[in-house]
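Peer 1: just a sequence and a predicted model for now, questions to come.
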Amino acid sequence: MREDNPKPLILIPYRQLGNILVREVGRAYQRQGYVVYFGPENFFESDIQPDIIHLHWPEMFYRNDGDGTAQERADLFLARLKEFKALGVRVIWTIHNLFPHDSYDSELDVHVYREVAALADVVVHHCARSRELIAEQYPPRPDVPQVIAPMGNYLGQRNHSDQIESRRRLDLPEDAFVFLLFGALKGYKGLFNVVDAFRRLKSSGRPIYLVVAGNASLSGWRGRFLDLRNRIPRRWQGRLRLHLGHVPADDVQYFVNACDAMILGHVRGLNSSLALLGMTFGKLIVGPDLGCIGWVLQEGRNVSFPVGDQSAMTEAMQRALDFDLESAAAANIAITQKWTWDHHAEQILAGLKRLG
């Protein structure tokens, strides 16, 4: 702690705007009495010396746009992190992924993740399974506290609409059963698997719709989005609704409230904030038993299936059509209300205090 400021300073080197996780973690630290700075500029360019740096996604410092090659940007990031360490700055690393989503299992990413694991003073996991998987890939130093802190809820997300209003805005029938596949449409999200499962569903007496909403960022697959409707029977093609583009933060509520169930089609990964989003809104989640995603779903009342099993995904979606949605809503809201960002920050800071 610096003598000129009695309050410890935490640097979260990511932009707060538009990232609810960064925003809520920062606010939770502030409520604990910390001064919080945000942004990569304060990591690379500022003369601010924090007491703590809280990292989330190392790849954002070298996989995004910038000068030089990805290797050069990664070297710069690691060099700067080591400078802070030499000054006595503590480093917290929250594990969100085993590998960056857009560069799965590359040598560069493995190298950077291993370096960050070696430099971290506290490692944060969202479930016990994460700790097991990281031990295989990027084992932290034996003396490093490893904290298990579930991701916080989405009660801070704007939510003033109901299902009727939301469906009216999205032109969806009030009597339909609506599945929602939401968020950035990256390859690991299994978009085409979800569409194939959707087309195999058997009617349960209500029209069934699938809404796909989010940025169309599947590398090399952009042109295939227009072919999605051709993958389902012609009589159902009007029931696949595509909203391919950025969804403003204030409009997230309409997509989530309009659906009966959110579907996660992940074929790889470790965590999903989308599961927390849907459960906070009281929605049934249909998703894979994968990493911490499976654990989160089991803590509430949801439907899971083995990852990569196409027929099991179809069966899970079919089960959702007859699921007790009220009991799912009650269970999911109850558990996510316990997963507060304040509790999340408290667990991390307790791990930090173990260092003395």
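Peer 2: Great, that's in hand. The structure displayed is predicted, hence computed values, not measured ones.

Peer 1: mind listing what's buried along stretch 241-248?
Peer 2: For stretch 241-248, burial by neighbour count (16 or more other Cβ atoms under 10 Å) applies to 241, 242, 247. C-beta: built from backbone N, CA, C; applies to glycine.

Peer 1: distance to residue 35 for those residues - can I get that in a markdown table?
Peer 2: Compiled in a markdown table, the buried residues of stretch 241-248 are given as follows (distance: Cβ to Cβ, whole Å):
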| residue | distance to residue 35 |
| --- | --- |
| 241 | 45 |
| 242 | 44 |
| 247 | 32 |
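
Peer 1: and those residues, which of them are in helices?
Peer 2: Per DSSP state H, helices hold no members of those.

Peer 1: go through these and say which is closest to residue 291.
Peer 2: Nearest to residue 291 among the buried residues of stretch 241-248: residue 247, at 24.7 Å, using Cβ to Cβ.

Peer 1: residue contacts, that closest one?
Peer 2: By Cβ atoms under 8 Å, 6 or more residues apart in numbering, residue 247 lies in contact with 182, 213, 214, 255.

Peer 1: residue 131: which of the buried residues of stretch 241-248 is nearest?
Peer 2: Distance to residue 131 across these (Cβ to Cβ) is lowest for residue 247, with 32.8 Å.

Peer 1: which one of the contacts of residue 247 is nearest residue 33?
Peer 2: Within the contacts of residue 247, the smallest distance to residue 33 is 35.5 Å, found for residue 182 (Cβ to Cβ).

Peer 1: the closest residue to the closest one other than its chain neighbours: neighbour count?
Peer 2: Of all residues not flanking residue 182 in the chain, residue 213 sits nearest, at 5.3 Å (Cβ to Cβ, 6 or more residues apart in numbering). With neighbours defined by other Cβ atoms under 10 Å, the count for residue 213 comes to 23.

Peer 1: what sits against residue 213?
Peer 2: Going by Cβ under 8 Å, 6+ apart, residue 213 touches 180, 181, 182, 242, 243, 244, 247, 255.

Peer 1: go on, residue 130?
Peer 2: Residue 130 neighbours (Cβ under 8 Å, 6+ apart): 95, 148, 270, 271, 291, 292.
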